[in-house]
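S.K.: I'd like to go over a predicted model; first the sequence, then the structure.
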Amino acid sequence: MGTSAPSAETPIVMLGRQGNRRLVLAADAAARAAGLRVGMPASKAQVLVPNLQSFDLDAPGDAAALDRMALWCLRYAPIIAADPPDGLIIDTTGADHLHGGEEAMLEGLVSRLAASGIDARVAVADTWGAAHACARFLARPTFIVPTGQAPAIVRGLPIGALRLPHEIISGLLTLGFERVGDLEAAPRASLTLRFGPELGRRLDQALGRRGEPFEPVRSPEIIEVRRAFGEPISAAETIARYTGKLVTALCEALETRGLGVRRLDLVFHRVDSRFEAIRAGTAVPVRDVKRLTRLLTDRIETVDPGFGIEVMTLAATLTEPFGARQIISSLVEEPEPDITDLIDTLSNRIGEQRLYRFAPVESDVPERAIRRVAPTAPDDGTNWPGDWPRPPRLLAHPEPIETMALLPDHPPVWFSWRGIRHRVARADGPERVFGEWWQRDAELIAVRDYFQVEDASGERFWIYRAGDGEDPETGSHKWFLHGVFA
């Protein structure tokens, strides 16, 4: 709706028909706070809340939008499915390390959704049912359930966390049940007799006693190849052999379209309806069979085949145009070494976020003159400053030191850093660095005077004084150590 959308304080409900009755099928936080609930007759809701905003529920449109969001989330994990009416189920096994771990992955997911105007709550747990419950009752906006502790946490949640129909929840509340643990302690037979088998099934799924298969979402535009087996396979050697065959078939399909792959998802369909997956990424578009096969087979030991694998699916979930590259004759010039294969191997083992290189930034302030970029990021033409040498090790934050020095332009006679006193034998400086007034008003007249100093044992340090040594408005005149020379 854009600017015409109702405010966050306005109660909003979605209405739809169930049989001959018109009911509330969804309600926002303001509507629930006003006493409205899903399943309430629409006429009753409009009487209780005079300023209620109501809209007709577009179930097919919502389902299509949820599927589109699931396809967008394929960047985080290869196994994703819609969890109607308002959720997604993501199997992050084997993919979280590529995003810096579970916590970093959840924060990134929530932030990117928030940038699109979507408020999300995300939880990670051992089972779908536990993750569903924790995302809706504990995540603010994220929550990670420690391995093996999901049953204990779920037992303390309200019975509404079990994904039960509203009429069953109302009946359980009437009988005095409030927490999942209360239901678990009650006799199963009497509850099943009164409410049906759905109650026991949802309880077992939430506590991890029963599996819950689902079908991952796939876009028809994704290039993928598939292999089904008459007899399930489980040996690592067999899986590796068929992985190579799938990679060969996929590269042939990519070649016909002039594409190279940047992200591969190898999904294993087990006989117990569960899924295992391997994800591999590349720094540049690739369709080399040996290279891609090695990236996938390096992680086969992470796959649990269970009682056997009946289907293997290999999908190129991220592709880019694959341009031809001219090979320069060695008689004219030596070709540049290609290290992208090494980059791919390392990034798939330790995570793409942990692999980077440093690039210069046009700034005189040392901590702002450097940034992290991808290993294969193109050079933007910015060069490192060459007037004054910089230490190869720059501290993350300048550390205060104790010194004795003559102001305003003399280096220290000695300084004490981390409890060790260093006598200065040689020094060079000062190099004056001015503040960047366009960054902060406080830097309008701020300066730093940097010195390169060498102590009696030959160690070299980069230290500075905050201020010009005369005017207190230019800085505190305290000394800091900012870097160490090799």
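M.R.: The structure has been received and is ready for your questions.
S.K.: For the strand ranked longest in the chain, which strands pair with it and how are they oriented?
M.R.: The strand spanning the most residues in the chain, taking DSSP state E as the definition, is strand 420-434. Here strand 420-434 has these sheet partners by DSSP bridges: strand 412-417 (antiparallel), strand 447-455 (antiparallel).
S.K.: Which among these is found nearest to residue 8?
M.R.: strand 447-455 (45.8 Å; C-beta to C-beta). Every C-beta, even on glycine, is put in place using the N, C-alpha and C of the backbone.
S.K.: What residues sit buried inside the closest one?
M.R.: Buried residues in strand 447-455, counted by 16 or more other C-beta atoms under 10 Å: 447, 448, 449, 450, 451, 452, 453, 454, 455.
S.K.: same question, stretch 409-417
M.R.: With burial defined by 16+ other C-beta under 10 Å, the residues of stretch 409-417 counted as buried are 411, 412, 414, 415, 417.
S.K.: From residue 129, how far off is residue 139?
M.R.: The gap separating residue 139 from residue 129 is 15 Å, by C-beta to C-beta, to the nearest Å.
S.K.: more crowded one of those two?
M.R.: residue 129 (25 against 18; other C-beta atoms under 10 Å).
S.K.: per-residue confidence at the more buried one?
M.R.: pLDDT, residue 129: 90.
S.K.: Three-state assignment for it, please.
M.R.: What DSSP: H, G, I helix; E, B strand; the rest coil gives for residue 129 is helix.
S.K.: mind listing the helices for this structure?
M.R.: Under the criterion DSSP state H, the chain contains helices at 29-33, 42-48, 59-72, 102-115, 128-137, 150-155, 166-174, 180-185, 188-195, 197-206, 236-257, 289-297, 340-350.
S.K.: if you compare those helices, which one is most tucked away?
M.R.: Neighbour counts (mean count of other C-beta atoms under 10 Å) averaged over each of the helices of the chain peak at helix 128-137, with a mean of 23.
S.K.: So which other helices or strands are in contact with it?
M.R.: Contact here means 3 or more C-beta pairs under 8 Å, 6 or more residues apart in numbering; DSSP states H and E; on that basis helix 128-137 packs against strand 87-91, strand 122-124, helix 150-155, helix 197-206.
S.K.: ok, residues contacting the shortest one?
M.R.: Counting by C-beta atoms under 8 Å, 6 or more residues apart in numbering, the neighbours of strand 122-124 from elsewhere in the structure are 92, 102, 106, 109-110, 131-135, 138-139, 141-145.
S.K.: quick one, domains of this structure?
M.R.: Using automatic domain parsing, the domains assigned to the chain come out as 2-57, 80-206, 223-321, 393-484.
S.K.: roughly how far is the last one from the heart of the chain?
M.R.: Using C-alpha atoms, centre = their mean, to the nearest Å, the mean C-alpha position of domain 393-484 is found 39 Å from that of the whole chain.
S.K.: Can you list the low-confidence ranges for the stretch 201-350 of the chain?
M.R.: 324-336 (pLDDT under 70).
S.K.: What distance do you get for residue 131 to residue 374?
M.R.: Going from residue 131 to residue 374 by C-beta to C-beta gives 31 Å.
S.K.: cool, residue 300 as well?
M.R.: 27 Å.
S.K.: go on, residue 419?
M.R.: 39 Å.
S.K.: Who has more neighbours out of the two?
M.R.: Comparing residue 419 with residue 374 by other C-beta under 10 Å, the one with more neighbours is residue 374, at 14 against 5.
S.K.: measure that one to residue 178 for me?
M.R.: Going from residue 374 to residue 178 by C-beta to C-beta gives 51 Å.
S.K.: repeat for residue 31
M.R.: Applying C-beta to C-beta to residue 31 and residue 178 gives a distance of 23 Å.
S.K.: And residue 40, by the same measure?
M.R.: Taking C-beta to C-beta, one finds residue 40 at 21 Å from residue 178.
S.K.: So which of the two has more stuff around it?
M.R.: Ranked by neighbour count (other C-beta under 10 Å), residue 40 and residue 178 place residue 40 first, with 18 against 13.
S.K.: That one and residue 22 touch, don't they?
M.R.: No - using C-beta atoms under 8 Å, residue 40 is not in contact with residue 22, being 10.5 Å away.
S.K.: just to revisit the earlier point, which one of the buried residues of strand 447-455 is nearest to residue 71?
M.R.: The closest of the buried residues of strand 447-455 to residue 71 turns out to be residue 448 (C-beta to C-beta; 50.0 Å).
S.K.: doesn't residue 466 make contact with that closest one?
M.R.: Yes - taking contacts as C-beta under 8 Å, residue 448 lies within contact range of residue 466: 6.0 Å.
S.K.: hey, what's in contact with both of those two?
M.R.: Listed as contacting both residue 448 and residue 466 by C-beta under 8 Å, 6+ apart are residue 475.
S.K.: Name the nearest residue to the residue nearest the centre of the chain, ignoring sequence neighbours.
M.R.: With distances taken as C-alpha atoms, centre = their mean, the residue of the chain nearest its centroid is residue 105 (2.1 Å). Nearest residue to residue 105, sequence neighbours excluded (C-beta to C-beta, 6 or more residues apart in numbering): residue 99, at 3.8 Å.
S.K.: Next up, the contacts around that neighbour.
M.R.: 76, 105, 108, 351, 352, 353.
S.K.: List the contacts of the last one.
M.R.: Contacts of residue 353 were listed using C-beta under 8 Å, 6+ apart, and they are 98, 99, 100, 104.
S.K.: can you rerun that using 6 Å?
M.R.: Residue 353 makes contacts with residue 100, as judged by C-beta atoms under 6 Å, 6 or more residues apart in numbering.
S.K.: Same check on the fifth one?
M.R.: Applying C-beta under 6 Å, 6+ apart to residue 352 gives the contacts residue 98.
S.K.: how close does it get to residue 372?
M.R.: According to C-beta to C-beta, residue 352 stands 12 Å off from residue 372.
S.K.: Same question for the last one.
M.R.: Distance of residue 353 to residue 372, given as C-beta to C-beta: 10 Å.
S.K.: repeat for the fourth one
M.R.: In this structure, residue 351 lies at 14 Å from residue 372, with C-beta to C-beta as the measure.
S.K.: Out of the two, name the residue with the larger neighbour count.
M.R.: Neighbours per residue (other C-beta under 10 Å) separate residue 351 from residue 372, with residue 351 holding more: 18 against 11.
S.K.: Is it correct that the more buried one is in contact with residue 95?
M.R.: No - between residue 351 and residue 95 there is no contact under C-beta atoms under 6 Å: 10.0 Å.
S.K.: Alright, I will stop here.
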